[in-house]
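Q: sequence? don't have it. structure:
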């Protein structure tokens, strides 16, 4: 099977279920003729699988391992527990007879990560999910890749993606691309960009330049800064001479940074009249009630879907999860969906990389051949008092699918 075949079928593998509590999750397209799995591909039955070490959820004939830092110190363990709980919630929806999910505790130690990955391989796991953190992904890949096992991890560091290692995460470049593309298509032809020094700023600048160029616009200037007042003032002073040439001002960082940069521009004589402010989902941590941010556009995940997920999670486990936990839910249900549809061929590259992608609580997503993920984001506009409204909804499918 090739990616062209999946494109021709035009299938969106919907992860949404039909229960009333999940009406905000996309249900996907109507069922279509399933691609037949190759006859010579076999998956062991549950009785043929060796005993698994770890928490086991479900009794399906296809085993999937989930590597999490459950016994790590500090916030790492909290993140691990959220992902475990989200996966358990997903297993309730997938059905106990679809998958057998084995949850393995890795801590944050490379040796334990590799030991857990080795166990997963020896126990007959057809797919490995996790780890969460970049260093752990690299450690696990050193085991799973030589063994010919596919891994879907949750790191946002695209450098650890690659052959047989996919990332289902919120990669920082994607949300910048969505913001800038929408703005470029809606009158913002010249952009002044502020990017923090460091790898995240490098990624944001690269994504912004590519999106602006792809939409026929120009980068009026790119200004870099460190996270202190003096550096921001210096960056603003350097930007003021080109401010008149820009239709929009892009500030990917959240927290106090947008307000600080705009204040620095004004204090250096900059005129912000008529400039469209552009941000990212990080702006949910900014002071959106600042009048200077009114009318700004930023891309973020569909908050209605994520709110539905958080409500379900809190109802089950008593606490509100982070948005990242939805990635674990979506990935487990994705695994169950393709097993139901494709059986023994479920985790072939041609299935995982289907152009039509998948849909879940964190929105539509699809895996690229380089292991990275393309996601669908909504565009929000900041209104009076810090409220936000959707001005361009997140896509329900990918263009051309």
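A: Everything's here; your move. Remember, it's a predicted structure, so these values are computed and weren't measured experimentally. Residues are numbered from 1 along each chain as shown.

Q: so where do the helices sit in the stretch 51-200 of the chain?
A: 75-94, 110-122, 134-144, 172-184, 199-214 (DSSP state H, counting those that start in this stretch).

Q: which residues does the last one contact?
A: The contact list for helix 199-214, computed with Cβ atoms under 8 Å, 6 or more residues apart in numbering, reads 158, 172-174, 176-177, 180-181, 184, 191, 193, 195-196, 218-219, 222, 224, 250, 252, 280. Quick note: C-beta positions are derived from backbone N, CA and C, even for glycine.

Q: and what of the fourth one?
A: Residues external to helix 172-184 that are found in contact with it (Cβ under 8 Å, 6+ apart): 156, 158, 191, 200, 203-204, 206-208, 210-212, 214-217, 248, 250, 252, 276, 278-281, 297-300, 373-375, 377, 379, 392.

Q: please redo it, this time with the cut-off set to 7 Å
A: Identification of contacts with helix 172-184 by Cβ atoms under 7 Å, 6 or more residues apart in numbering yields 156, 191, 200, 203-204, 206-208, 211-212, 215, 217, 248, 250, 252, 276, 278-281, 297-300, 374-375, 377, 379, 392.

Q: mind checking which of these are in strands?
A: Those of the contacts of helix 172-184 mapping onto strands are 191, 248, 250, 276, 278-279, 297-300, 374-375, 379, 392, per DSSP state E.

Q: mind picking the two most distant members of these?
A: Spanning the widest gap among the ones in strands among the contacts of helix 172-184 are 276 and 374, at 24.9 Å by Cβ to Cβ.

Q: hmm, which of the contacts of helix 172-184 are the buried ones?
A: 156, 191, 200, 203-204, 207-208, 211-212, 217, 248, 250, 252, 276, 278-281, 297-300, 375, 377, 379, 392 (16 or more other Cβ atoms under 10 Å).

Q: quick one on the thing from earlier: just the buried subset of the contacts of helix 199-214, written out for PyMOL, thanks.
A: Provided next is the PyMOL selection string for whichever of these are buried by 16+ other Cβ under 10 Å:
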select buried, resi 158+172+173+174+176+177+180+181+184+191+193+195+196+219+222+224+250+252+280
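
Q: list the buried residues in stretch 317-329.
A: Applying 16+ other Cβ under 10 Å to stretch 317-329 flags 317, 321, 323-329 as buried.

Q: hmm, I typed the wrong one, I wanted stretch 135-144.
A: For stretch 135-144, by 16+ other Cβ under 10 Å, it's 136-141, 143-144.

Q: same list (those) but as CSV, adding pLDDT and distance to residue 285.
A: Shown next, in CSV, are the buried residues of stretch 135-144 (pLDDT from 0 to 100; distance: Cβ to Cβ, whole Å):
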residue, pLDDT, distance to residue 285
136, 98, 26
137, 98, 25
138, 98, 29
139, 98, 30
140, 98, 30
141, 98, 31
143, 98, 36
144, 98, 34
